[in-house]
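**Q** sequence first, predicted coordinates after that:
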Amino acid sequence: MQQPKHAMEIFQLLDKSNCRQCGEKTCLAFAGAVFRGQRRMSECPTLDPGIVARYEANPDSPDDSEQNPDEYLKRLKSEILGIDLAQAAERAGARLVGNRLTLEVLGKEFSVDADGNLFTGIHINPWVAVPLLTYLLYGQGRPVTGNWVSFRELKDGAERYPLFRKRCEEPMKRVADLHTGLFDDMVHIFNGNQVQKQFESDIAVVLHPLPKVPLMVCYWLPEDGLQSSLNLFFDDTADSNLDIGSIFTLGVGLAQMFQKLAQRHGFANA
Ligand code: SF4
């Protein structure tokens, strides 16, 4: 299978009619989505099947971002080289000083230079790095509205929701059920904001994994024969400011981080 070196290589193969039959607004947007592993070449009905076959060996293979995060990260870094940093800073709610963009991820400062290198005072996990670079490269920068929706209500969220529930909401709920006090402390150490009154629950906090992609965690303790529950909510602009794959990655990464923190505090079964 031939691997495209950059999004423009895919763009050159398209007929550039911006016909929208693939569901993207432009051929360029489609090329970027294919390069990031979110769309398949075969979804463009005007592409020659021979070209599709050259680039697309197995239609059932998972996204590159999950299958090979290091390679995917390398590709994203190479794309940063070609962007206008000042425009990206404005869209992303970041500061631009010299050739470095700086923004806050869960209350910690992260910087990205013009070569796509990441800088921060803590270890950089791929579950942060991939969404962060994708956000800078492709986020539309729409202002947050404050209208909260579930993951399944986001564009392309419905089909991924069963897996999101299994890998994000359920493990996070398990930590909250087993170690409620610790979970309460953990969600609040990441500069969480209070939620609006109508969303108040036993533990409720708004986190900012990226400046324009807030995420609200609501946990309800068991009560009157009802089981506990935990749900994540996103601003209804989240799917414009970040792709659904990266939103998934952030949620799952957060859940894994809470599990690890609980284990580090001596809770082996977190
Ligand atoms: S269907 Fe193909 S030609 Fe039409 S907009 Fe999408 S990528 Fe471009």
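**A** The structure has been received and is ready for your questions.
**Q** would you mind listing what in the protein touches the ligand?
**A** Contacts of the chain with the ligand, taken as Cβ under 6 Å from any ligand atom, map to 14-15, 17-22, 24, 27, 30, 44-46. To be clear about C-beta, it is placed using only N, CA and C from the backbone, and glycine gets the same treatment.
**Q** just the buried ones from these?
**A** Among the residues of the chain next to the ligand, those classed as buried by 16 or more other Cβ atoms under 10 Å are 14, 22, 24, 27, 30, 44.
**Q** got TSV for those residues, with pLDDT too?
**A** Listed next are these as TSV, based on pLDDT from 0 to 100:
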residue	pLDDT
Leu14	92
Cys22	89
Glu24	87
Cys27	88
Phe30	88
Cys44	91
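**Q** among those, which are in helices?
**A** 27, 30 (DSSP state H).
**Q** helices of the stretch 151-270 of the chain, residue ranges please.
**A** Ranges of helices in the stretch 151-270 of the chain, per DSSP state H, counting those that start in this stretch, are 157-164, 170-178, 180-188, 238-241, 244-264.
**Q** out of those helices, which comes closest to Lys5?
**A** helix 244-264 (20.7 Å; Cβ to Cβ).
**Q** buried residues, that closest one. List them.
**A** Neighbour count says helix 244-264 has 244-259, 261-262 buried, by 16+ other Cβ under 10 Å.
**Q** what separation is there between the closest residue to the ligand within the stretch 51-200 of the chain and Asp113?
**A** Nearest residue of the stretch 51-200 of the chain to the ligand, counting by Cβ to the nearest ligand atom: Val52, 11.2 Å away. To Asp113, Val52 is 36 Å away according to Cβ to Cβ, to the nearest Å.
**Q** point out where the stretch 1-150 of the chain drops to low pLDDT.
**A** 1-2, 57-68 (pLDDT under 70).
**Q** repeat the analysis, applying 80 as the threshold.
**A** Counting by pLDDT under 80, the ranges of the stretch 1-150 of the chain that qualify are 1-6, 36-38, 55-71, 82, 122-123.
**Q** would you map the helices across it?
**A** Using DSSP H, counting those that start in this stretch, helices in the stretch 1-150 of the chain cover 7-13, 27-35, 49-55, 64-67, 69-80, 85-92, 126-138.
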